[in-house]
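*Asks:* The following comprises the amino acid sequence and a computationally predicted model.
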Amino acid sequence: MVEEVAPRVQDYESPEVFLKDWLSFKRRQNPGFSLRLSARRLGFKSHVSLLSVLAGKRAFDMALTGKVARLASLSPAQARYLKALVRLQAAPDEKTSATNGSPKFRKLVFSPKLRIRCPSTRRVVTKPRSCGLGTTSRSSR
């Protein structure tokens, strides 16, 4: 019998699809692993909230990204990739969309330092806070 391998986040272009596949994988590995249990571990008060995220009706935000990374035991590089997917999914234009499948996207995610373009100054920065882009942590150093 061939042992099933967990889904790799790098094979996905949507964080919801990755989470859905990962939850299905965990359910096949352990029948006691339920959607309700997963929702509690991800900090939701109800499993319905998790279903809304999986259906795309509720945003897959950065706080959830960190919790999913911990729950799925993702490596720092995989967690960065997942965070980049969420950022790109929330991007306002098609050029930065995750569904674009751009090689620049993969280069950005796997580069040793995170580099982003500051919307106000149009400069490339390595510290998002210096540009006022919120609180992103780089715990993978």
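*Replies:* That came through fine.
*Asks:* Which stretches in the chain count as strands?
*Replies:* Along the chain, the stretches classed as strands by DSSP state E are 116-117, 124-125.
*Asks:* For the closest residue to residue 33 other than its chain neighbours, give its distance to residue 83.
*Replies:* Once flanking residues are discounted, residue 33 sits nearest to residue 26: 4.6 Å by Cβ to Cβ, 6 or more residues apart in numbering. Where C-beta positions appear, they are placed from N, C-alpha and C, glycine not excepted. Remark: distance between residue 26 and residue 83 (Cβ to Cβ, to the nearest Å) = 21 Å.
*Asks:* Repeat that for residue 37.
*Replies:* Distance from residue 37 to residue 83, by Cβ to Cβ: 24 Å.
*Asks:* So these two - more neighbours on which side?
*Replies:* residue 83 (22 against 13; other Cβ atoms under 10 Å).
*Asks:* how near is the more buried one to residue 48?
*Replies:* 25 Å.
*Asks:* Residue 68 too?
*Replies:* In terms of Cβ to Cβ, residue 68 sits 18 Å off from residue 48.
*Asks:* wait, doesn't residue 74 sit right on residue 7?
*Replies:* No: shown here, residue 74 and residue 7 do not form a contact pair, counting by Cβ atoms under 8 Å, at 10.7 Å.
*Asks:* Any idea how many residues pack against residue 53?
*Replies:* With other Cβ under 10 Å as criterion, residue 53 counts 21.
*Asks:* For it, which residues are in contact?
*Replies:* 16, 19, 59-60, 64 (Cβ atoms under 8 Å, 6 or more residues apart in numbering).
*Asks:* Please repeat the previous calculation with a cut-off of 10 Å.
*Replies:* Neighbour list for residue 53: 15-16, 19-20, 39, 42, 44, 59-61, 64, 68 [criterion: Cβ atoms under 10 Å, 6 or more residues apart in numbering].
*Asks:* Same question for residue 26.
*Replies:* 6-7, 32-34, 37-38, 71-72.
*Asks:* And for residue 64?
*Replies:* 15, 19, 42-44, 49-50, 53, 58, 82, 86.
*Asks:* Since that was my last question, I'll sign off now.
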